[in-house]
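Engineer: okay, predicted coordinates and the sequence, questions at the end:
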Amino acid sequence: MSLDLKSFPFGSATAQAAALRAGKVSSIELLKAYLARVDRLNPGLNALVVDDRKAAMARARAADRAHARGESWGPLHGVPMSVKESFDLTGHPSTFGHLPRKDHVAKADALAVQRLKAAGAVVFAKSNVPLDLADFQSYNAVYGTTNNPWDHSRAAGGSSGGSAAAVAAGLSALEFGSDIGGSIRNPAAYCGVYGHKPTWCIVPKRGHSMANAPTAEMDLSVVGPLARSANDLALALKVTAGPDELNARGVSYRLPAPPKSLRGLRVAVWLDEDIAPVDDQVKARIELAARSLARAGVKLDVKARPAFDPVHAHAVYARLLHANMAARRPDYASVQEQSESLKPADQSEYAQLLRMSTASYRDYFVANNQREQLRWAWHDFFGRHDLMLMPITATPAFKHDHSEPMPARTMQVNGKVVPYFAQLFWAGLASASFLPSTVAPVGLSDDGLPVGIQIVGPEMADRSTIWLAAQLAQLIGGYQAPPGC
């Protein structure tokens, strides 16, 4: 038996699973081949930061023995993969970037990890994150900085930056991350891979928190896959979606089938907004992708928008986001103390951030009801349009910037300085209203850096956004391996 080089290391997890089923490669061979790449390339990338290779080796051998007996563990039988550091993996820490948690040991796998293993996956590592999963870059005091495989001087994105870098560099067949403000989608775009933010709550997050007990489903936050092909996203979603035990007696998800053809598909395009300007190179690649769809028979509409004010929509999302993010911080008391010390006349951006972070229940209640109006506006919009194309990042991957305080950081967009967090607008359009969103690579910038497109659909239309990403790959190409990997 020898390694199937056509599907390794840059092929899809789906193809590698097929090679395993056909006996063209063994799970132990595939795992050893990935680990050899990790040992060679990861020191320069720092994408994978928790190593579970001993347990993975044992599981890979068991997978091969089961295959020899004619047993199948599922569609990912024997496929080596990694997961984000924030997922509990038995016997290993889930630090979220906090030094005091470096000796934390998970006593059980997160539910998503359990489901991936139940489908046959061999989980051998965990990938790097920013502190509190709260940055467009992935660095922390526990594990250090993750570099972009296309240019080590640039960020890999965040908060699933290690995830995207590992997949892009061919260190893992598949990854599973999380997203509340673009944390799957942003790194996918920066590293040139595929990422899917599922409809809120269809993949339970149990075991993805700093609590040592089950916690309530966090608003906005989701968990989902990153991969080198859209088909891998579909497979990973299929094996992880479904209710948790509390409501599984009466709840099931039957996600609608994707379209059968591009011809006649109604697709809107939203390229820019004053409050969140987008680099011309990013817009140009998205426009080229849209035109390729039009040539294939898609009905494009570049003027269609949901019936809400974008500035208001972003304000609603910001209030929900910052309240949620702050509430889970271990130092919340300090945030609250700073907020309470603010003078009423202080309306600076940082002061407003502190107030949103410590919102009262009444404030959150109002924002939640305003969000419901956004959801209905999107529902009405998707009655007339099937899907929406838009950016997810303002620029290609930017140079590392660890300056503090974080809200004071800026970015250059078309030669102009814009706030660091302005690009949250594009993530928030889908996140605030629980919409599924798939990011796909659509080519390289003039500087040779990946550019991603965001495909947004109505709630529960996850299979459709992933399907359109697959169609784009057939029309204009998809994942490309970074040079030097």
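Structural biologist: Sure thing, it's come through. Note that the structure is predicted; figures quoted are calculated from it, not measured.
Engineer: so where do the strands sit in the stretch 151-300 of the chain?
Structural biologist: 151-155, 175-179, 194-197, 222-227, 266-269, 299-301 (DSSP state E, counting those that start in this stretch).
Engineer: tell me which of those sits most buried.
Structural biologist: Of all the strands of the stretch 151-300 of the chain, strand 194-197 carries the top mean neighbour count, a mean of 32, counting by mean count of other CB atoms under 10 Å. C-betas here are computed from N, CA, C, even on glycine.
Engineer: so what strands line up beside that strand?
Structural biologist: In the sheet, strand 194-197 lines up against strand 222-227 (antiparallel), strand 437-444 (antiparallel) (DSSP bridges).
Engineer: quick one, which of these is nearest to Val83?
Structural biologist: Comparing the strands paired with strand 194-197 against Val83 with CB to CB, the closest turns out to be strand 222-227 (9.4 Å).
Engineer: before we move on, back to that, with mean pLDDT and distance to Ala284 added, can I get the strands of the stretch 151-300 of the chain in TSV?
Structural biologist: Shown next, in TSV, are the strands of the stretch 151-300 of the chain (pLDDT from 0 to 100; distance: least, CB to CB, whole Å):
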stretch	mean pLDDT	distance to Ala284
strand 151-155	98	20
strand 175-179	98	26
strand 194-197	99	21
strand 222-227	98	25
strand 266-269	98	13
strand 299-301	98	16
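Engineer: want to throw these into CSV with distance to Glu340?
Structural biologist: As requested, the strands of the stretch 151-300 of the chain are exported to CSV (distance: least, CB to CB, whole Å):
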stretch, distance to Glu340
strand 151-155, 34
strand 175-179, 30
strand 194-197, 34
strand 222-227, 32
strand 266-269, 44
strand 299-301, 48
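Engineer: mind checking which of these is nearest Leu20?
Structural biologist: strand 222-227 (16.5 Å).
Engineer: render the CA-only coordinates of the closest one in CSV, please.
Structural biologist: What follows is strand 222-227, C-alpha atoms only, in CSV (Å, rounded to 0.1, in the frame of the first residue of the first chain):
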residue,chain,number,x,y,z
VAL,A,222,-21.6,29.1,15.6
VAL,A,223,-19.1,26.3,15.0
GLY,A,224,-18.3,25.0,11.5
PRO,A,225,-15.7,23.6,9.1
LEU,A,226,-12.8,24.9,7.1
ALA,A,227,-11.5,22.9,4.1
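Engineer: what angle separates that strand from strand 175-179?
Structural biologist: If you take axes from the mean of the first three to the mean of the last three CA atoms, to 10 degrees, strand 222-227 sits at 140 degrees to strand 175-179.
Engineer: quick one: contacts of strand 222-227?
Structural biologist: 12-13, 87, 112, 160, 163-164, 167, 174-180, 184, 187-188, 193-201, 203, 205, 208, 232-233, 236-237, 240 (CB atoms under 8 Å, 6 or more residues apart in numbering).
Engineer: could you chop the protein up by domain?
Structural biologist: Domains of the chain are assigned by automatic domain parsing as 5-240, 308-380.
Engineer: any chance you could map the helices in the stretch 251-400 of the chain?
Structural biologist: 280-295, 310-327, 332-340, 349-357, 361-381 (DSSP state H, counting those that start in this stretch).
Engineer: what about stretch 220-236, distance to the chain center?
Structural biologist: How far stretch 220-236 lies from its chain's middle: 8 Å, per CA atoms, centre = their mean, to the nearest Å.
Engineer: can I get the strands paired with strand 194-197 in a markdown table with distance to Ala156?
Structural biologist: A markdown table is the format used below for the strands paired with strand 194-197 (distance: least, CB to CB, whole Å):
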| stretch | distance to Ala156 |
| --- | --- |
| strand 222-227 | 11 |
| strand 437-444 | 14 |
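Engineer: ok so, going back, and of the strands of the stretch 151-300 of the chain, who's closest to Ala248?
Structural biologist: Per CB to CB, nearest to Ala248 of the strands of the stretch 151-300 of the chain: strand 222-227, 17.3 Å.
Engineer: out of the strands of the stretch 151-300 of the chain, which is closest to Arg285?
Structural biologist: Going by CB to CB, the one of the strands of the stretch 151-300 of the chain nearest Arg285 is strand 266-269, 12.5 Å.
Engineer: which non-adjacent residue is nearest Tyr420?
Structural biologist: Arg409 (3.7 Å; CB to CB, 6 or more residues apart in numbering).
Engineer: isn't that neighbour up against Asp401?
Structural biologist: Yes - here Arg409 lies in contact with Asp401, judged by CB atoms under 8 Å, at a distance of 5.7 Å.
Engineer: re earlier: return the member of the domains of the chain having the minimum mean pLDDT.
Structural biologist: Ranked by mean pLDDT, the domains of the chain end with domain 308-380 at the bottom, a mean of 92.
Engineer: and that domain, how far apart are its ends?
Structural biologist: Domain 308-380 has an end-to-end distance of 11 Å (CA to CA, to the nearest Å).
Engineer: what's the angle between the helix or strand harbouring Thr14 and strand 222-227?
Structural biologist: Per DSSP states H and E: Thr14 is located in helix 13-21. Between helix 13-21 and strand 222-227, the angle comes out at 70 degrees (the same axes, to 10 degrees).
Engineer: for helix 13-21, name the packing helices and strands.
Structural biologist: Contact here means 3 or more CB pairs under 8 Å, 6 or more residues apart in numbering; DSSP states H and E; on that basis helix 13-21 packs against helix 27-45, helix 53-68, helix 230-240.
Engineer: got these as CSV, with distance to Gln454 and mean neighbour count columns?
Structural biologist: Output for these, formatted as CSV (distance: least, CB to CB, whole Å; neighbours: other CB atoms under 10 Å):
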stretch, distance to Gln454, mean neighbour count
helix 27-45, 25, 19
helix 53-68, 33, 17
helix 230-240, 13, 24
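Engineer: could the ones you listed go into JSON lines alongside distance to Ala257?
Structural biologist: Putting the helices and strands packed on helix 13-21 into JSON lines (distance: least, CB to CB, whole Å) gives the following:
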{"stretch": "helix 27-45", "distance to Ala257": "32"}
{"stretch": "helix 53-68", "distance to Ala257": "31"}
{"stretch": "helix 230-240", "distance to Ala257": "12"}
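Engineer: looking at the ones you listed, which is closest to Leu353?
Structural biologist: Taking those one by one with CB to CB, helix 27-45 is closest: 31.6 Å.
Engineer: strand partners of the next helix or strand after that closest one, parallel vs antiparallel please.
Structural biologist: Next in sequence after helix 27-45, counting helices and strands by DSSP H and E, comes strand 48-51. Sheet pairing of strand 48-51 (DSSP bridges) gives strand 122-127 (antiparallel).
Engineer: what angle separates the strand it pairs with from helix 53-68?
Structural biologist: Going by the same axes, to 10 degrees, strand 122-127 makes 150 degrees with helix 53-68.
Engineer: just how off-centre is the helix or strand following strand 122-127 within its chain?
Structural biologist: Using DSSP H and E, the helix or strand that follows strand 122-127 towards the C-terminus is strand 139-140. Distance, stretch centre to chain centre, for strand 139-140: 18 Å (CA atoms, centre = their mean).
Engineer: what's strand 139-140 in contact with?
Structural biologist: Thr95, Gly97, His98, Asn128, Val129, Pro130, Leu131, Thr145, Thr146, His400, His402.
Engineer: let's go with 7 Å and repeat that
Structural biologist: Gly97, Val129, Pro130, Leu131, Thr145, Thr146, His402 (CB atoms under 7 Å, 6 or more residues apart in numbering).
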